[in-house]
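Trainee: everything below, folded, please.
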Amino acid sequence: MLWQINARSEVPVYEQIMRQVRQAVLVGRLTPGEQLPSIRLLARELGVAVITVKRAYDDLATEGVLDNRPGSGCFVSAVDTEAIRRAQLDAMADKLRAIRREAAAAGIDKSQLMALLEQIGEEEP
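Mentor: Below you'll find the model as predicted:
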C-alpha cells in the first residue's frame, strides 16, 4: 500500500492522503499517466470513508496533480514538480513565520529556535 494514515494525527485524513500523493509524485514513485487506486478501494484499504478519499482526489485534481476521468478513474497528471516543491516551501515558510512570532511572544530568541530546529533535524522523520 502506498499510503498510511495516522488516525491520531491533528492533520485531517484527506490532507494526509494529499500530502502523501504529492510527495510520491515529487520523488517519482507515482509517474504521469499512472492510475491511482479507485476511491472505494483506497477507502477500504485505509479504513476511511469514501467521501474522505474523494475529497483528497478532487482537491488534488483542482491543484492539477491528478486527472479525474469519469468512468476510468484517477490518473497522475503531467505536473511541474518544481511548482509543487515551491508551493510546499511557501507553506512551510508561512508555518515557520507563525512559529517565530509565537517564539518571540514566549521570549524565545532566534538562537534557541535554531538550536531546536537543528535538534529536530537530527531526529527520524
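Trainee: by contact count, what packs against the lowest-mean-pLDDT helix or strand in the chain?
Mentor: For the chain, counting by mean pLDDT, DSSP states H and E, helix 81-105 ranks last in confidence among helices and strands (a mean of 87). For helix 81-105, the packing partners by 3 or more Cβ pairs under 8 Å, 6 or more residues apart in numbering; DSSP states H and E come out as helix 13-27, helix 110-122. (Glycine included, C-beta is placed from N, CA and C.)
Trainee: redo that, cut-off 7 Å
Mentor: Under the contact criterion of 3 or more Cβ pairs under 7 Å, 6 or more residues apart in numbering; DSSP states H and E, helix 81-105 touches helix 13-27.
Trainee: for residue 9, helix, strand, or coil?
Mentor: coil (DSSP: H, G, I helix; E, B strand; the rest coil).
Trainee: mind listing what it touches?
Mentor: residue 16 (Cβ atoms under 7 Å, 6 or more residues apart in numbering).
Trainee: show the pLDDT at it.
Mentor: On pLDDT, residue 9 comes in at 90.
Trainee: gap between it and residue 34?
Mentor: 26 Å (Cβ to Cβ, to the nearest Å).
Trainee: try residue 6
Mentor: 25 Å.
Trainee: could you find the closest non-adjacent residue to the spatially most central residue of the chain?
Mentor: Closest residue to the average C-alpha location of the chain: residue 19 at 1.2 Å, with Cα atoms, centre = their mean. Spatially, and ignoring its direct neighbours in sequence, residue 19 is nearest to residue 11 (7.6 Å; Cβ to Cβ, 6 or more residues apart in numbering).
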